[in-house]
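Q: pasting the sequence and the predicted model now:
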Amino acid sequence: MRNFLHGKKTNNFYSLYHAISNAEEDIFSDSVSFEKKLKQYENLVYLDENETIQAKVPSRLYQLICNNEGYFFINKYKHQVISDEIITKDNQLRNIESRKYIVNNSPQTRTKTRTKIPIASSTYTGNKRRVHVTVLYIREIVRNTNGEWVGKQILQLESTSYKKSIRKI
């Protein structure tokens, strides 16, 4: 997990998080070509009104599950994350749905309803361990700090690791 969060390729998967981290590092590595490098990575980051570099996809979760082009795949559907929006396409790349999401770090208060739907799962079995991973789609209706009820959509990764018991006879 440490390698995954520190910008290294994991199982030949290069995430959006890695791409953004590498872009920020490259932009700051040479102050002479700052503007040129900012332009080079404009699909990943932008300079906000406080002159701070910000990721175009603000959600850390989506940065981690999307590839470096901003896509993730579930079954036959391709999901593209652009800023605070997810566009779902079918296998002929026709747009099926477009929806906004709320970044997890936005202030929330009371939850009205919560729906938890497993959308994908996988199990890896190695020599000494078994790991089961499930992707959950969570839909909540929450009251924000302004008192308005808003829809909140979350993709949550749950993993369980088991140690294999080996019997000796």
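A: All right, it came through fine.
Q: report the central residue of this structure.
A: The centre of the chain sits closest to residue 62, judged by Cα atoms, centre = their mean, with a distance of 1.4 Å.
Q: ok so that one is a helix residue?
A: Yes. Assignment of residue 62 by DSSP: H, G, I helix; E, B strand; the rest coil places it within a helix.
Q: any idea how far residue 69 is from it?
A: Separation of residue 62 from residue 69 (Cβ to Cβ, to the nearest Å) stands at 13 Å. (C-beta placed from N, C-alpha, C; glycine too.)
Q: shared neighbours of the two, anything?
A: Both residue 62 and residue 69 are contacted by residue 16, under the criterion Cβ atoms under 8 Å, 6 or more residues apart in numbering.
Q: got the buried residues for the longest helix along the chain?
A: Longest helix of the chain, by residue count under DSSP state H: helix 16-29. Buried residues in helix 16-29, counted by 16 or more other Cβ atoms under 10 Å: 16, 17, 18, 19, 20, 21, 23, 24, 27.
Q: now do the strands in the protein.
A: Remark: strands assigned in the chain by DSSP state E are 45-47, 53-55, 71-74, 77-82, 85-89, 95-100, 108-125, 129-144, 149-163.
Q: which one of the ones you listed lies nearest to residue 35?
A: Smallest distance to residue 35 across those (Cβ to Cβ): 9.3 Å, for strand 45-47.
Q: how many neighbours does the closest residue to residue 82 other than its chain neighbours have?
A: With sequence-adjacent residues excluded and distances taken as Cβ to Cβ, 6 or more residues apart in numbering, residue 82 is closest to residue 70, at 6.6 Å. Applying other Cβ atoms under 10 Å, we find 21 residues neighbouring residue 70.
Q: doesn't residue 57 make contact with residue 70?
A: Yes. Between residue 70 and residue 57 there is a contact under Cβ atoms under 8 Å: 6.4 Å.
Q: now do the shared contacts for these two.
A: With contacts taken as Cβ under 8 Å, 6+ apart, residue 70 and residue 57 have 16, 81, 82 as neighbours in common.
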